[in-house]
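1. just coords:
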(Lines give C-alpha, C1' and ligand atoms only; values in the text may rest on other atoms or scores of the structure.)
Protein backbone atom coordinates (compact mmCIF):
# COMPACT_ATOMS: atom_id res chain seq x y z
CA UNK A 1 0.00 0.00 0.00
CA UNK A 2 1.43 3.36 -1.01
CA UNK A 3 1.13 5.94 1.72
CA UNK A 4 1.46 9.71 1.82
CA UNK A 5 0.29 12.66 3.86
CA UNK A 6 -3.47 13.13 4.24
CA UNK A 7 -5.20 15.02 1.43
CA UNK A 8 -7.56 17.71 2.69
CA UNK A 9 -11.12 16.80 1.81
CA UNK A 10 -10.34 13.09 1.39
CA UNK A 11 -10.46 10.27 3.92
CA UNK A 12 -7.18 8.68 2.80
CA UNK A 13 -4.23 9.39 0.54
CA UNK A 14 -3.42 5.70 0.09
CA UNK A 15 -4.45 3.30 -2.65
CA UNK A 16 -3.87 -0.23 -1.37
CA UNK A 17 -3.33 -3.07 -3.81
CA UNK A 18 -6.42 -4.49 -5.51
CA UNK A 19 -6.49 -8.04 -4.16
CA UNK A 20 -8.01 -9.46 -7.36
CA UNK A 21 -5.20 -8.50 -9.73
CA UNK A 22 -1.83 -10.24 -10.09
CA UNK A 23 0.00 -6.99 -10.91
CA UNK A 24 1.26 -4.53 -8.32
CA UNK A 25 2.44 -0.94 -8.67
CA UNK A 26 5.21 0.41 -6.46
CA UNK A 27 6.00 4.11 -6.16
CA UNK A 28 9.72 4.89 -6.48
CA UNK A 29 11.52 8.19 -6.05
CA UNK A 30 13.18 9.01 -9.40
CA UNK A 31 15.19 11.87 -7.97
CA UNK A 32 13.11 14.57 -9.60
CA UNK A 33 11.43 16.60 -6.86
CA UNK A 34 8.38 18.57 -7.82
CA UNK A 35 6.03 20.17 -5.34
CA UNK A 36 2.46 19.38 -6.40
CA UNK A 37 -0.63 20.53 -4.50
CA UNK A 38 -2.25 17.70 -2.55
CA UNK A 39 -5.59 17.68 -4.32
CA UNK A 40 -7.58 14.90 -5.92
CA UNK A 41 -10.58 15.48 -8.16
CA UNK A 42 -13.62 13.25 -8.51
CA UNK A 43 -14.05 11.12 -11.63
CA UNK A 44 -17.48 9.65 -12.44
CA UNK A 45 -18.08 6.93 -15.02
CA UNK A 46 -21.47 5.65 -16.15
CA UNK A 47 -22.74 2.10 -15.85
CA UNK A 48 -25.73 0.54 -17.57
CA UNK A 49 -26.67 -1.85 -14.79
CA UNK A 50 -28.21 -5.25 -15.50
CA UNK A 51 -30.02 -5.44 -12.15
CA UNK A 52 -30.72 -2.85 -9.49
CA UNK A 53 -32.24 -4.62 -6.47
CA UNK A 54 -29.66 -6.42 -4.33
CA UNK A 55 -30.86 -9.21 -2.04
CA UNK A 56 -29.36 -10.24 1.31
CA UNK A 57 -30.04 -12.85 3.97
CA UNK A 58 -28.28 -11.14 6.87
CA UNK A 59 -30.10 -11.38 10.23
CA UNK A 60 -28.21 -8.28 11.40
CA UNK A 61 -30.08 -5.75 9.26
CA UNK A 62 -33.83 -5.06 9.14
CA UNK A 63 -34.31 -5.46 5.36
CA UNK A 64 -33.71 -8.13 2.76
CA UNK A 65 -33.26 -5.94 -0.33
CA UNK A 66 -31.52 -2.70 -1.18
CA UNK A 67 -30.60 -0.31 -3.98
CA UNK A 68 -27.26 1.45 -4.40
CA UNK A 69 -27.40 3.92 -7.30
CA UNK A 70 -23.67 4.64 -6.97
CA UNK A 71 -20.52 2.56 -6.58
CA UNK A 72 -17.95 4.26 -4.39
CA UNK A 73 -18.76 7.23 -2.17
CA UNK A 74 -17.43 10.76 -2.29
CA UNK A 75 -18.09 11.27 1.42
CA UNK A 76 -14.73 9.54 1.95
CA UNK A 77 -15.48 8.11 5.40
CA UNK A 78 -12.26 6.35 6.40
CA UNK A 79 -14.14 3.61 8.25
CA UNK A 80 -16.58 2.72 5.45
CA UNK A 81 -17.16 -1.04 5.37
CA UNK A 82 -18.07 -0.78 1.66
CA UNK A 83 -14.55 0.18 0.59
CA UNK A 84 -13.48 -3.41 -0.24
CA UNK A 85 -16.28 -3.69 -2.82
CA UNK A 86 -14.33 -1.34 -5.11
CA UNK A 87 -11.76 -4.08 -5.68
CA UNK A 88 -14.37 -5.97 -7.70
CA UNK A 89 -14.19 -3.16 -10.27
CA UNK A 90 -10.40 -3.30 -10.59
CA UNK A 91 -9.98 -0.24 -8.41
CA UNK A 92 -8.49 0.36 -4.99
CA UNK A 93 -10.59 0.48 -1.81
CA UNK A 94 -8.45 3.46 -0.80
CA UNK A 95 -8.44 6.78 -2.61
CA UNK A 96 -10.11 5.26 -5.68
CA UNK A 97 -13.20 4.43 -3.61
CA UNK A 98 -13.84 8.10 -2.89
CA UNK A 99 -12.58 9.66 -6.13
CA UNK A 100 -13.40 7.16 -8.92
CA UNK A 101 -17.15 6.73 -8.73
CA UNK A 102 -19.64 4.82 -10.86
CA UNK A 103 -23.20 6.05 -11.48
CA UNK A 104 -25.88 3.54 -12.49
CA UNK A 105 -27.59 5.92 -14.87
CA UNK A 106 -30.42 3.52 -15.77
CA UNK A 107 -31.30 2.81 -12.12
CA UNK A 108 -34.85 4.21 -12.16
CA UNK A 109 -35.85 2.59 -15.48
CA UNK A 110 -34.42 -0.75 -14.38
CA UNK A 111 -36.23 -0.53 -11.04
CA UNK A 112 -39.51 0.06 -12.85
CA UNK A 113 -38.93 -3.05 -14.94
CA UNK A 114 -38.18 -5.20 -11.90
CA UNK A 115 -41.16 -3.93 -9.90
CA UNK A 116 -43.45 -4.66 -12.86
CA UNK A 117 -42.57 -8.35 -13.07
CA UNK A 118 -45.57 -10.58 -12.24
CA UNK A 119 -43.70 -12.57 -9.60
CA UNK A 120 -42.40 -9.57 -7.63
CA UNK A 121 -43.30 -9.60 -3.91
CA UNK A 122 -43.30 -6.28 -2.08
CA UNK A 123 -41.10 -5.60 0.97
CA UNK A 124 -39.28 -2.39 2.01
CA UNK A 125 -36.29 -1.51 -0.14
CA UNK A 126 -33.37 0.20 1.57
CA UNK A 127 -31.41 3.06 -0.02
CA UNK A 128 -27.96 3.52 1.49
CA UNK A 129 -27.05 -0.01 2.50
CA UNK A 130 -23.61 0.17 0.87
CA UNK A 131 -22.90 3.71 -0.34
CA UNK A 132 -24.73 6.92 0.49
CA UNK A 133 -27.62 7.73 -1.88
CA UNK A 134 -27.20 11.45 -1.06
CA UNK A 135 -23.47 11.79 -1.60
CA UNK A 136 -22.39 15.02 -3.37
CA UNK A 137 -22.65 13.74 -6.97
CA UNK A 138 -26.37 13.13 -6.42
CA UNK A 139 -26.84 16.89 -6.89
CA UNK A 140 -25.99 16.45 -10.56
CA UNK A 141 -27.16 12.91 -11.33
CA UNK A 142 -30.41 12.86 -9.31
CA UNK A 143 -30.57 9.06 -9.44
CA UNK A 144 -31.91 8.78 -5.91
CA UNK A 145 -34.68 11.24 -6.65
CA UNK A 146 -35.64 9.32 -9.79
CA UNK A 147 -35.78 6.10 -7.76
CA UNK A 148 -38.04 7.74 -5.16
CA UNK A 149 -40.36 8.92 -7.93
CA UNK A 150 -40.71 5.34 -9.16
CA UNK A 151 -41.33 4.00 -5.66
CA UNK A 152 -43.99 6.62 -5.00
CA UNK A 153 -45.71 5.87 -8.29
CA UNK A 154 -45.73 2.16 -7.46
CA UNK A 155 -46.70 2.76 -3.81
CA UNK A 156 -43.64 0.81 -2.74
CA UNK A 157 -42.17 1.23 0.79
CA UNK A 158 -38.58 2.43 1.17
CA UNK A 159 -36.13 3.02 4.00
CA UNK A 160 -33.22 5.45 3.70
CA UNK A 161 -29.92 5.69 5.57
CA UNK A 162 -27.82 8.77 4.88
CA UNK A 163 -25.41 11.30 6.33
CA UNK A 164 -26.14 13.76 3.53
CA UNK A 165 -28.23 16.90 4.10
CA UNK A 166 -29.09 16.81 0.38
CA UNK A 167 -32.01 14.59 1.41
CA UNK A 168 -33.99 17.77 2.12
CA UNK A 169 -34.05 18.49 -1.62
CA UNK A 170 -36.51 15.60 -1.94
CA UNK A 171 -38.77 16.72 0.89
CA UNK A 172 -41.76 16.88 -1.45
CA UNK A 173 -41.47 13.21 -2.36
CA UNK A 174 -40.60 12.09 1.14
CA UNK A 175 -43.55 13.93 2.68
CA UNK A 176 -45.97 12.26 0.27
CA UNK A 177 -44.39 8.84 0.84
CA UNK A 178 -44.71 9.42 4.58
CA UNK A 179 -48.36 10.39 4.23
CA UNK A 180 -48.95 6.95 2.68
CA UNK A 181 -46.77 5.17 5.29
CA UNK A 182 -44.21 4.27 2.64
CA UNK A 183 -40.95 5.71 4.00
CA UNK A 184 -38.72 5.92 7.04
CA UNK A 185 -35.37 7.70 7.25
CA UNK A 186 -32.31 7.14 9.39
CA UNK A 187 -29.78 9.94 9.68
CA UNK A 188 -26.29 8.68 10.47
CA UNK A 189 -24.74 10.83 13.22
CA UNK A 190 -21.16 10.07 14.17
CA UNK A 191 -19.87 13.08 16.06
CA UNK A 192 -20.71 16.62 17.14
CA UNK A 193 -17.08 17.68 16.75
CA UNK A 194 -16.67 19.53 13.44
CA UNK A 195 -12.91 18.94 13.34
CA UNK A 196 -13.30 15.21 13.92
CA UNK A 197 -15.99 15.11 11.22
CA UNK A 198 -13.61 16.86 8.81
CA UNK A 199 -10.96 14.15 9.04
CA UNK A 200 -13.28 11.17 9.68
CA UNK A 201 -16.00 11.90 7.08
CA UNK A 202 -14.44 14.63 4.91
CA UNK A 203 -17.26 15.37 2.45
CA UNK A 204 -20.28 14.37 4.50
CA UNK A 205 -22.68 16.98 5.88
CA UNK A 206 -21.73 18.83 9.04
CA UNK A 207 -23.21 17.58 12.34
CA UNK A 208 -25.47 20.64 12.61
CA UNK A 209 -26.75 20.07 9.07
CA UNK A 210 -27.69 16.48 9.89
CA UNK A 211 -29.58 17.56 13.00
CA UNK A 212 -31.39 20.15 10.90
CA UNK A 213 -32.30 17.40 8.42
CA UNK A 214 -33.89 15.41 11.26
CA UNK A 215 -35.82 18.47 12.40
CA UNK A 216 -37.10 19.45 8.95
CA UNK A 217 -38.06 15.90 8.00
CA UNK A 218 -40.01 15.45 11.21
CA UNK A 219 -41.81 18.74 10.69
CA UNK A 220 -42.88 17.38 7.30
CA UNK A 221 -44.25 14.24 8.94
CA UNK A 222 -41.47 11.86 7.87
CA UNK A 223 -40.57 9.18 10.45
CA UNK A 224 -36.90 9.74 11.32
CA UNK A 225 -34.45 7.87 13.51
CA UNK A 226 -30.80 8.37 14.34
CA UNK A 227 -28.07 5.83 13.64
CA UNK A 228 -24.96 6.41 15.78
CA UNK A 229 -22.48 4.65 13.57
CA UNK A 230 -19.82 3.71 13.83
CA UNK A 231 -18.86 3.94 17.48
CA UNK A 232 -15.06 3.96 17.61
CA UNK A 233 -13.29 3.26 20.92
CA UNK A 234 -11.47 6.30 22.28
CA UNK A 235 -12.41 8.37 19.22
CA UNK A 236 -16.15 9.10 19.40
CA UNK A 237 -17.68 6.53 21.78
CA UNK A 238 -17.80 9.11 24.59
CA UNK A 239 -20.31 11.09 22.49
CA UNK A 240 -22.91 8.31 22.27
CA UNK A 241 -25.38 9.67 24.84
CA UNK A 242 -25.02 13.27 23.63
CA UNK A 243 -25.59 12.25 20.01
CA UNK A 244 -28.78 10.46 21.00
CA UNK A 245 -29.94 13.40 23.12
CA UNK A 246 -29.30 15.93 20.35
CA UNK A 247 -31.14 13.73 17.85
CA UNK A 248 -34.08 13.34 20.21
CA UNK A 249 -34.25 17.11 20.67
CA UNK A 250 -34.32 17.48 16.88
CA UNK A 251 -37.28 15.10 16.67
CA UNK A 252 -35.81 11.62 16.16
CA UNK A 253 -38.24 8.86 17.06
CA UNK A 254 -35.87 5.90 17.32
CA UNK A 255 -32.19 5.07 17.55
CA UNK A 256 -29.64 2.44 16.63
CA UNK A 257 -25.87 2.10 16.79
CA UNK A 258 -23.12 0.04 15.16
CA UNK A 259 -19.65 -0.65 16.49
CA UNK A 260 -16.74 -0.02 14.12
CA UNK A 261 -16.13 -2.79 11.58
CA UNK A 262 -12.78 -3.21 9.82
CA UNK A 263 -13.19 -5.78 7.03
CA UNK A 264 -10.36 -6.58 4.60
CA UNK A 265 -8.62 -3.41 3.32
CA UNK A 266 -10.47 -1.12 5.72
CA UNK A 267 -8.26 -2.24 8.63
CA UNK A 268 -4.88 -1.03 7.25
CA UNK A 269 -6.48 2.15 5.93
CA UNK A 270 -7.97 2.89 9.35
CA UNK A 271 -4.69 2.11 11.13
CA UNK A 272 -2.88 4.50 8.80
CA UNK A 273 -5.54 7.13 9.55
CA UNK A 274 -4.96 6.65 13.29
CA UNK A 275 -1.21 6.99 12.84
CA UNK A 276 -1.68 10.26 10.93
CA UNK A 277 -4.27 11.87 13.19
CA UNK A 278 -4.04 10.17 16.61
CA UNK A 279 -0.54 8.72 16.86
CA UNK A 280 -0.41 8.79 20.67
CA UNK A 281 -3.60 6.80 21.16
CA UNK A 282 -3.52 4.62 18.02
CA UNK A 283 -2.25 1.51 19.82
CA UNK A 284 -4.89 1.85 22.54
CA UNK A 285 -7.71 2.28 20.00
CA UNK A 286 -6.67 -0.82 18.09
CA UNK A 287 -6.27 -2.78 21.32
CA UNK A 288 -9.87 -2.04 22.31
CA UNK A 289 -11.10 -2.92 18.83
CA UNK A 290 -9.29 -6.27 18.93
CA UNK A 291 -10.58 -6.98 22.42
CA UNK A 292 -14.08 -6.56 20.99
CA UNK A 293 -13.36 -8.73 17.94
CA UNK A 294 -11.90 -11.88 19.47
CA UNK A 295 -8.32 -10.63 19.15
CA UNK A 296 -8.64 -9.79 15.45
CA UNK A 297 -9.26 -6.54 13.57
CA UNK A 298 -12.65 -7.79 12.42
CA UNK A 299 -15.27 -10.42 13.16
CA UNK A 300 -17.71 -11.01 10.31
CA UNK A 301 -19.98 -13.49 12.09
CA UNK A 302 -23.70 -12.79 11.97
CA UNK A 303 -25.01 -11.74 15.35
CA UNK A 304 -21.81 -10.13 16.60
CA UNK A 305 -20.37 -8.14 13.67
CA UNK A 306 -22.52 -5.06 14.38
CA UNK A 307 -22.01 -5.03 18.17
CA UNK A 308 -18.80 -6.84 19.04
CA UNK A 309 -18.09 -8.90 22.16
CA UNK A 310 -16.17 -8.45 25.38
CA UNK A 311 -16.19 -5.86 28.12
CA UNK A 312 -15.95 -2.72 25.99
CA UNK A 313 -18.68 -3.87 23.60
CA UNK A 314 -20.95 -4.94 26.45
CA UNK A 315 -20.49 -1.59 28.22
CA UNK A 316 -21.30 0.27 24.99
CA UNK A 317 -24.46 -1.82 24.55
CA UNK A 318 -25.54 -1.08 28.13
CA UNK A 319 -24.92 2.65 27.72
CA UNK A 320 -26.97 2.68 24.52
CA UNK A 321 -29.86 0.76 26.08
CA UNK A 322 -30.00 3.04 29.12
CA UNK A 323 -29.85 6.21 27.00
CA UNK A 324 -32.53 4.95 24.62
CA UNK A 325 -34.84 4.13 27.51
CA UNK A 326 -34.19 7.44 29.27
CA UNK A 327 -34.85 9.44 26.09
CA UNK A 328 -37.90 7.42 25.06
CA UNK A 329 -36.44 6.45 21.68
CA UNK A 330 -37.80 3.41 19.87
CA UNK A 331 -35.78 0.57 18.38
CA UNK A 332 -34.32 0.83 14.90
CA UNK A 333 -36.90 -1.61 13.53
CA UNK A 334 -39.87 0.21 15.10
CA UNK A 335 -41.18 1.89 11.93
CA UNK A 336 -43.92 -0.17 10.27
CA UNK A 337 -44.43 0.54 6.58
CA UNK A 338 -47.34 -0.34 4.31
CA UNK A 339 -46.57 -3.23 1.94
CA UNK A 340 -50.21 -3.94 1.08
CA UNK A 341 -50.80 -0.88 -1.09
CA UNK A 342 -48.11 -1.80 -3.63
CA UNK A 343 -49.60 -1.54 -7.12
CA UNK A 344 -47.76 -1.08 -10.42
CA UNK A 345 -49.35 1.70 -12.51
CA UNK A 346 -52.21 0.25 -14.49
CA UNK A 347 -52.42 -2.75 -12.16
CA UNK A 348 -55.30 -3.70 -9.90
CA UNK A 349 -54.96 -3.62 -6.15
CA UNK A 350 -55.91 -6.70 -4.18
CA UNK A 351 -59.44 -6.79 -2.83
CA UNK A 352 -58.29 -8.77 0.23
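-> All right, it came through fine. All values derive from a computational prediction rather than experimental measurement.

2. contacts, neighbours, all on C-alpha from now
-> OK.

3. Tell me where the chain has strands.
-> 43-47, 54-55, 65-67, 70-71, 100-104, 125-127, 158-162, 183-188, 224-231, 254-259 (DSSP state E).

4. So what touches the last one?
-> Defining contact as C-alpha atoms under 8 Å, 6 or more residues apart in numbering, one finds that strand 254-259 is touched by 224-232, 244, 306-308, 313, 320, 324, 329-332, 334.

5. Once you drop chain neighbours, what's closest to residue 303?
-> Among residues not flanking residue 303 along the chain, residue 60 sits closest, at 6.1 Å (C-alpha to C-alpha, 6 or more residues apart in numbering).

6. In TSV: the strands of the chain, plus mean pLDDT and mean neighbour count.
-> Shown next, in TSV, are these (pLDDT from 0 to 100; neighbours: other C-alpha atoms under 10 Å):
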stretch	mean pLDDT	mean neighbour count
strand 43-47	96	13
strand 54-55	94	12
strand 65-67	96	21
strand 70-71	98	26
strand 100-104	97	20
strand 125-127	97	23
strand 158-162	97	24
strand 183-188	97	25
strand 224-231	97	26
strand 254-259	97	22
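
7. so which of those strands comes closest to residue 7?
-> Among these, the nearest to residue 7 by C-alpha to C-alpha is strand 100-104 (15.4 Å).

8. now that closest one and strand 43-47, what's the angle there?
-> Between strand 100-104 and strand 43-47, the angle formed by their directions is 30 degrees, by axes from the mean of the first three to the mean of the last three C-alpha atoms, to 10 degrees.

9. Which strands and helices lie in contact with strand 100-104?
-> Counting contacts by 3 or more C-alpha pairs under 8 Å, 6 or more residues apart in numbering; DSSP states H and E, strand 100-104 packs against strand 43-47, strand 70-71.

10. in its sheet, what does it sit against?
-> Using DSSP bridges, strand 100-104 pairs in its sheet with strand 43-47 (parallel), strand 70-71 (antiparallel).

11. got the contact list for the closest residue in space to residue 177 that isn't next to it in sequence?
-> Nearest-residue entry for residue 177: residue 183, 5.6 Å, with adjacent residues in sequence omitted and distances by C-alpha to C-alpha, 6+ apart. By C-alpha under 8 Å, 6+ apart, the contact set of residue 183 is 157-160, 174, 177, 222-223, 337.

12. any chance of the strands paired with strand 100-104 in a markdown table, with distance to residue 187 too?
-> Compiled in a markdown table, these are given as follows (distance: least, C-alpha to C-alpha, whole Å):
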| stretch | distance to residue 187 |
| --- | --- |
| strand 43-47 | 25 |
| strand 70-71 | 19 |
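
13. quick one: which of the ones you listed is nearest residue 78?
-> Comparison of the strands paired with strand 100-104 against residue 78 by C-alpha to C-alpha identifies strand 70-71 as nearest, at 15.8 Å.

14. circling back: among the strands paired with strand 100-104, which is nearest residue 85?
-> The closest of the strands paired with strand 100-104 to residue 85 is strand 70-71. By C-alpha to C-alpha, the value is 8.4 Å.
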